[in-house]
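**Student:** no sequence on this one, just coordinates:
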């Protein structure tokens, strides 16, 4: 597979390493980054065990949950690649953007979910689950199992899903499969994986599901898709390819943030972005 990868993946790796030293932080250092971010917050760390994967989370105590709706944040792909020719041995993110977003959300019911194989040791973790199979049926099955658990644990009836990058892919696929998603928000989300691989001339994600293939199950869902105007990884054309799959796009909203990249500056402005979305739904 590696021989088909282009310089795009190298540039993606550089983006992941921006602001870091020339050596990649170890998995332990990346875990410490997440723990440091949440140290003075109301979020507690917990690892959920599902049939296929262990998934690490940070969440607010259920006793603090005053609403009937849970805000659920799903992390991006993390450090999937070291270079254009080398797959990472551990996909734990260097910059956990979705976690930073969750920390800015003042809703009383908050849960952050990592992706499989991030932050945890798991015998099922092989590199295909952060490369070709990152959006596979078994991964979606684990998230569906986990959402059912959270629904009971928090005693809520619905979810707002917030997915960053590949987490947006997961969030959209979950929305297509479930009846309890009130609102879908993606941030730099990869919404048409087939077009994305074609656009960047990289190997198709052979073991993964593609959100754009489920438009018939998504057209009645309130959706907000946020796009960075300077995002070179998931740009506006990816969203447009997804949008063009819909016969009825009345519930699909998007906004381009001209100066934002794939990673910058979502967490900086997240409170204001949430307020803007809330105003549109009132």
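**Tutor:** Cool, got the structure. Small disclaimer: the values here were computed from a predicted structure and weren't measured.

**Student:** Quick one: mean pLDDT over the longest helix seen in the chain.
**Tutor:** Longest helix in the chain by number of residues (criterion: DSSP state H): helix 137-153. On average, the pLDDT along helix 137-153 is 97.

**Student:** what packs against that helix?
**Tutor:** strand 54-59, strand 69-74, strand 110-113, helix 166-177 (3 or more Cβ pairs under 8 Å, 6 or more residues apart in numbering; DSSP states H and E). Just so you know, the C-beta spots here come from the backbone N, C-alpha and C atoms, and that holds for glycine as well.

**Student:** Which among the ones you listed is found nearest to residue 28?
**Tutor:** Between residue 28 and those, the tightest spacing by Cβ to Cβ is seen for strand 54-59, at 13.8 Å.

**Student:** Let me know the angle separating that closest one from helix 137-153.
**Tutor:** 40 degrees (axes from the mean of the first three to the mean of the last three Cα atoms, to 10 degrees).

**Student:** pLDDT weak spots in the stretch 151-282 of the chain?
**Tutor:** 282 (pLDDT under 70).

**Student:** Go through stretch 59-68 and flag the buried ones.
**Tutor:** 59-60, 65 (16 or more other Cβ atoms under 10 Å).

**Student:** And for the helix or strand harbouring residue 101, what's in contact with it?
**Tutor:** Per DSSP states H and E: residue 101 is located in helix 97-104. Contacts to helix 97-104, defined as Cβ atoms under 8 Å, 6 or more residues apart in numbering, come from residues 34, 37-38, 41, 43, 58, 71, 73-76, 110-112, 162-165, 167, 187, 263, 266-267, 270-271, 274.

**Student:** rerun that using 7 Å as the cut-off
**Tutor:** 34, 37-38, 41, 58, 73-76, 110, 112, 162, 164, 167, 187, 263, 266-267, 270-271 (Cβ atoms under 7 Å, 6 or more residues apart in numbering).

**Student:** what do you get for stretch 211-224?
**Tutor:** Here stretch 211-224 has contacts from 169, 172-173, 175-176, 181, 183-185, 191-192, 194, 241-242, 245-248, 251-253, 277, 281, using Cβ under 7 Å, 6+ apart.

**Student:** Strands of the stretch 101-250 of the chain, start to end?
**Tutor:** In the stretch 101-250 of the chain, the segments counted as strands under DSSP state E, counting those that start in this stretch are 110-113, 158-164, 181-187, 222-228.

**Student:** JSON lines for those, including mean neighbour count and distance to residue 100?
**Tutor:** Listed next are the strands of the stretch 101-250 of the chain as JSON lines, based on neighbours: other Cβ atoms under 10 Å; distance: least, Cβ to Cβ, whole Å:
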{"stretch": "strand 110-113", "mean neighbour count": "26", "distance to residue 100": "10"}
{"stretch": "strand 158-164", "mean neighbour count": "26", "distance to residue 100": "9"}
{"stretch": "strand 181-187", "mean neighbour count": "24", "distance to residue 100": "11"}
{"stretch": "strand 222-228", "mean neighbour count": "22", "distance to residue 100": "14"}
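
**Student:** Out of these, flag the one nearest residue 81.
**Tutor:** When those are compared (using Cβ to Cβ), the closest one is strand 158-164, at 17.3 Å.

**Student:** how much does that closest one deviate in direction from helix 166-177?
**Tutor:** Going by the same axes, to 10 degrees, strand 158-164 makes 150 degrees with helix 166-177.

**Student:** In its sheet, which strands sit next to strand 158-164, and in what direction?
**Tutor:** Using DSSP bridges, the strands paired with strand 158-164 in its sheet are strand 69-74 (parallel), strand 181-187 (parallel).

**Student:** Quick one: those strands as a markdown table, columns for distance to residue 129 too.
**Tutor:** As requested, those are exported to a markdown table (distance: least, Cβ to Cβ, whole Å):
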| stretch | distance to residue 129 |
| --- | --- |
| strand 69-74 | 15 |
| strand 181-187 | 21 |
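
**Student:** Identify the residue spatially nearest to the residue nearest the centre of the chain, adjacent ones excluded.
**Tutor:** The centre of the chain sits closest to residue 167, judged by Cα atoms, centre = their mean, with a distance of 1.6 Å. Setting aside the residues directly before and after it, residue 167 is nearest to residue 74 in space (Cβ to Cβ, 6 or more residues apart in numbering), at 3.5 Å.

**Student:** Over to residue 105?
**Tutor:** residue 71 (5.6 Å).

**Student:** List the contacts of that neighbour.
**Tutor:** Contacts of residue 71 (Cβ under 7 Å, 6+ apart): 105, 107, 109-110, 160, 162.
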